[in-house]
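# Quick one, what's the 3D model for this:
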Amino acid sequence: MHEKMTEEEFAPILPGPGESDYERYLRTDELLALQKTPEEMAHRDELLFQTTHQSSELWLKLACYEVETATAHVRAGELAAAIRLLRRATACIELITTQIHMLEHMSPWEYQEVRRVLGHGSGFDSPGFNAVRRVTPPLGEAFHELVRGEGLTVVELYRRGREFEELYGLAELLIEWDERITLWRAHHFKLVERIIGGEVVGTQGTPVEVLGNLVAKSRFPELWRARNELTALAQLED
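So this is what the prediction gives:
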């Protein structure tokens, strides 16, 4: 009798498919049906390939959602709120950088079987990284507007950081966001080189070396240049 009452007490109350509210809230029926079945696979490692990329897209979706909201906070002068969300966003990029190494468990030869069923699929078409490219410039614009509003240059902000603690903290999180993206690109490039080689052409006809060229690209060049200027100023003062 007690077991029956307990089962009834914790029976699902949310709408949707699934035998529990956990399954219904997270939509696990839909989520776990997004990967190919064993019967559909050209190679068993397709599950590894799809799981890694699909989970990355989810983390990138969250990261960009947080960056967009953080940008709105910056425009409103709410720096503490922006800083909190940007920390979360950079952690998302750290996660996908770590998990990309799961793909190193694929044999370079056996991967060729997976590659044959990708069509023209390419990381250049990633909705997540296209969203990163979309949400990042407005964040930089909002930051620089705030710096100018204080009558500062970026170099002056760094020299007087203790007077503008939150603004300085925001500057450092922009640098971290940019750095995490660069590190992801570097890891991704080496992964591709490790699996298919560095002197070949990708699924959309793009040479792999193009990925390597993207590694050096920065999204907030003024913040990076400020380091050079600060070093030069310090040397003049010596």
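# Surely Ala131 and Trp59 touch.
No. Counting by Cβ atoms under 8 Å, Ala131 does not reach Trp59; the two are 11.4 Å apart. Just so you know, the C-beta spots here come from the backbone N, C-alpha and C atoms, and that holds for glycine as well.
# remind me, longest helix of the chain?
helix 165-196 (DSSP state H).
# C-terminal to it, what's the next element?
helix 209-215 (DSSP states H and E).
# Can I get that next one in PDB? Just the C-alpha atoms.
Extracted C-alpha coordinates of helix 209-215, given in PDB (Å, rounded to 0.1, in the frame of the first residue of the first chain):
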ATOM      1  CA  GLU A 209      45.200  25.100 -44.000                       C
ATOM      2  CA  VAL A 210      42.500  27.800 -44.100                       C
ATOM      3  CA  LEU A 211      41.400  26.600 -40.600                       C
ATOM      4  CA  GLY A 212      45.000  27.200 -39.400                       C
ATOM      5  CA  ASN A 213      44.800  30.800 -40.700                       C
ATOM      6  CA  LEU A 214      41.700  31.500 -38.700                       C
ATOM      7  CA  VAL A 215      43.400  30.600 -35.400                       C
END
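# neighbours of Arg24, just the number please.
17 (other Cβ atoms under 10 Å).
# Which helix or strand contains it?
Using DSSP H and E, Arg24 falls in helix 21-26.
# which residues of the protein score low on pLDDT?
Within the chain, the stretches with pLDDT under 70 are 1-7, 202-208, 211.
# how is it carved up into domains?
1-33, 45-237 (automatic domain parsing).
# now those domains in a markdown table, with distance to Glu39?
Shown next, in a markdown table, are those (distance: least, Cβ to Cβ, whole Å):
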| stretch | distance to Glu39 |
| --- | --- |
| domain 1-33 | 13 |
| domain 45-237 | 12 |
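# looking at the ones you listed, which is buried most?
Among those, ranked by average contacts under mean count of other Cβ atoms under 10 Å, first place goes to domain 45-237 (a mean of 16).
# Mind jotting down where the helices sit in this structure?
Using DSSP H, helices in the chain cover 2-9, 21-26, 28-31, 46-75, 79-99, 108-115, 127-149, 154-159, 165-196, 209-215, 221-237.
# need the contact list for Leu14.
Leu14 is in contact with Asp21, Arg24, Tyr25, counting by Cβ atoms under 8 Å, 6 or more residues apart in numbering.
# same question, Leu95
Trp59.
# got it, and Val114?
Ala42, His43, Asp45, Glu46, Phe49, Met106.
# Distance to Leu183 added to these, as JSON lines?
JSON lines is the format used below for the contacts of Val114 (distance: Cβ to Cβ, whole Å):
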{"residue": "Ala42", "distance to Leu183": "32"}
{"residue": "His43", "distance to Leu183": "29"}
{"residue": "Asp45", "distance to Leu183": "25"}
{"residue": "Glu46", "distance to Leu183": "27"}
{"residue": "Phe49", "distance to Leu183": "22"}
{"residue": "Met106", "distance to Leu183": "21"}
